[in-house]
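A.B. asks: Could you look at this predicted model? Sequence included:
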Amino acid sequence: MAGRIEDYALIGDMQTAALVCRDGTVDWLCLPRFDSHAIFAGLLGTEEHGFWRLGPAHASDAEPPTAARRSYRGDSLILESEWDTPRGTVRVIDFMPPRDGAPQLIRIVEGVSGRVPMRSALRMRFSYGRVVPWVHKHEGRTVAVAGPDSVWFDTEAETYGKSLTTYSDFTVAPGERIAFTISWEPSHKEPPALPEPEQSLEATEDFWREWVEHCTYHGPYREAVVRSLITLKALTYAPTGGIVAAPTTSLPEDIGGVRNWDYRYTWLRDAAITLSSLLRTGYREEARAWREWLLRAVAGDPENLQIMYGIAGERELGEAELDWLPGYETSAPVRVGNGAAHQLQLDVYGEVTEALHLAHMTGLARNDYASLLQLKLIRYLEDHWDEPDEGIWEVRGPRRHFVHSKVMAWVAVDRTIKLIESGDADGPLERWRELRDDIHRDVCEKGYDKERNTFTQSYGSKELDASLLLIPQMGFLPPDDKRVIGTIEAIQRELSTSDGFILRYPTQGDDEGVDGLPGDEGAFLACSFWMADDLAMIGRVDEARKLFEKLLSLRNDLGLLAEEWDPHLQRQVGNFPQAFSHVPLIDTALRLTASGAYGG
């Protein structure tokens, strides 16, 4: 059985990622890319679907011991786990070196004290656990082959096969280091080069140390901010600059339910807000790479803008269900691909335009096509902003006139007007000023409930939606506007959980709600960070700080957050780690630091 979501650590090479549990088991790894088929899919099934366990030998492999301590080595993505056993202490170092050739997952066992018996158990299952590969020896190396894929396993330790699993039993003494490496290569090519684990470890540590040195944030929440930035960097696909929402699929928003989605793609919304956080903390190169990715993905076809693309800009992300996988804690179905790719979500135009505007304002070198793209997006919005859409939460129910979507359409027009006013683009300034006013008036007349003094989820609705918290943050209305304050207080009353976190919107249990799905979900962490931001903006800074620090306490021991927090089960739920949780963490830390609203 897979561990709790928060029991996992992330390691990665900025092209793919693995999840390592507290007991030393790698339960998730897709090769060679984030969106490739998994060779370890035990996270969404059982050990029969692939895993790699490395830790102290134990009488029962069914109950392996968990590490007594684990941490990342400094500001890096190098995981160190330590076990204390009756025979001594042992450390396992897990990492994936930034790629210069074949992708590799390297695990180094290091004796700390005593003589500790160890076991490595490697069960590779290709195609999300469905295919048992042909495992054999080739010039002294172990290789697993299935169709187009081959995975090479290298170690100096003795190995043997049993029950379609490759084992190694050995003992490690103080100061002794024994390395294990798997490397992926297309099966029709020559074998990958022999790994050099120690040199790779040194190079990986150097890479992360140098990267973190560019961070310009030095406030009181630096540890949390830096760990979130490292996580966002790890979710960036280095060859193209695309940013995945999460490295996993189908980790449930509702344990045992059907709210299970594939997040291994680049949502324009998620990537745009990630770009914003990176820019404001000193990472201009990542911002430039994402802008180039955006221009390639959208190309000359902004009228058919998708809400998400593949990490190299692919448009077809057809959704399918893997019925041979029982799902994480029987949360089925397990989905790959994402059918929401072709939804109409008008807010995306605002997020993309805001990101391009911020890049321009922070001095990123001008790109004429980026400005041209921005103008094309507004011309599309001129004719479509007043249509119903599926909204920020990708509802699978009927389209509605979502207030947040209209607000972000206003943002798109507003930021483009500012671009023209700066002299860096030409456009029908007066016409678009009138458009901006029209959208603003429409939202305030149709999306606002005067009796309750709050904006609503959609036109004519009585429901609330946490995305309304972005109204002051986007500059649609000032923070001291009574309608903004009323909305914040209404969301606190109606969408707050018992422990003070914020739901996205009301769900209906076994009945289908606005999103067209049965079941409930946890508190959406991004929304709770947005609430902290808003509280600070309206002068309730102590309350904002307390909420923010309470949110920080939800991170696992390595500083990682999933998409949601289940207030009933008191655990993280949803895909993990989630960019859409770590980005607002950074943003709120910056806002609170600027306001002086922090303890100590």
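C.D. replies: Yes, it's here. Only a predicted model underlies this, so the values are computations on that prediction, with no experimental measurement involved.
A.B. asks: At which residues are the helices of the chain located?
C.D. replies: With helices called from DSSP state H, the chain shows them at 126-129, 197-212, 222-234, 268-280, 284-298, 347-361, 368-384, 403-421, 429-446, 470-473, 482-494, 525-537, 541-552, 579-595.
A.B. asks: Can you say which of the ones you listed is nearest to Glu321?
C.D. replies: helix 126-129 (11.2 Å; Cβ to Cβ). Where you see a C-beta, it was placed from the backbone N, CA and C, and this is true even at glycine.
A.B. asks: Show residues contacting that closest one.
C.D. replies: 37-39, 41-42, 44-45, 48-50, 132-133, 144, 146-147, 149, 322, 324-325, 334, 336 (Cβ atoms under 8 Å, 6 or more residues apart in numbering).
A.B. asks: Go again with 10 Å.
C.D. replies: Residues outside helix 126-129 that contact it (Cβ atoms under 10 Å, 6 or more residues apart in numbering) are 30-31, 36-51, 123, 132-133, 144-151, 249, 322, 324-325, 334, 336.
A.B. asks: how distant is that helix from the center of its chain?
C.D. replies: How far helix 126-129 lies from its chain's middle: 22 Å, per Cα atoms, centre = their mean, to the nearest Å.
A.B. asks: do the same with stretch 588-595
C.D. replies: Relative to its parent chain, stretch 588-595 has a centroid offset of 22 Å by Cα atoms, centre = their mean.
A.B. asks: Check stretch 449-468 too.
C.D. replies: Averaging C-alpha positions (Cα atoms, centre = their mean) puts stretch 449-468 29 Å from its chain's average.
A.B. asks: hang on, the earlier thing: could you pick out which of the contacts of helix 126-129 are located in strands?
C.D. replies: Per DSSP state E, strands hold the following members of the contacts of helix 126-129: 30, 38-40, 51, 123, 144-146, 149-151, 336.
A.B. asks: Low-confidence regions, the protein specifically.
C.D. replies: 59-62, 300, 508-519, 597-600 (pLDDT under 70).
A.B. asks: Can you show me the strands along the stretch 51-200 of the chain?
C.D. replies: 51-56, 69-72, 79-85, 88-95, 104-114, 116-123, 134-138, 141-146, 149-155, 160-162, 165-172, 177-186 (DSSP state E, counting those that start in this stretch).
A.B. asks: need the helices of the chain in TSV with distance to Arg22 and mean neighbour count, can you?
C.D. replies: As requested, the helices of the chain are exported to TSV (distance: least, Cβ to Cβ, whole Å; neighbours: other Cβ atoms under 10 Å):
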stretch	distance to Arg22	mean neighbour count
helix 126-129	22	23
helix 197-212	21	16
helix 222-234	18	21
helix 268-280	28	24
helix 284-298	31	20
helix 347-361	36	23
helix 368-384	44	18
helix 403-421	38	24
helix 429-446	47	15
helix 470-473	36	21
helix 482-494	35	18
helix 525-537	22	25
helix 541-552	21	19
helix 579-595	21	23
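A.B. asks: Looking at those, which is nearest to Glu463?
C.D. replies: helix 482-494 (8.7 Å).
A.B. asks: The closest one packs against which elements?
C.D. replies: Contacts defined by 3 or more Cβ pairs under 10 Å, 6 or more residues apart in numbering; DSSP states H and E place helix 482-494 against strand 448-449, strand 454-455, helix 470-473, helix 525-537.
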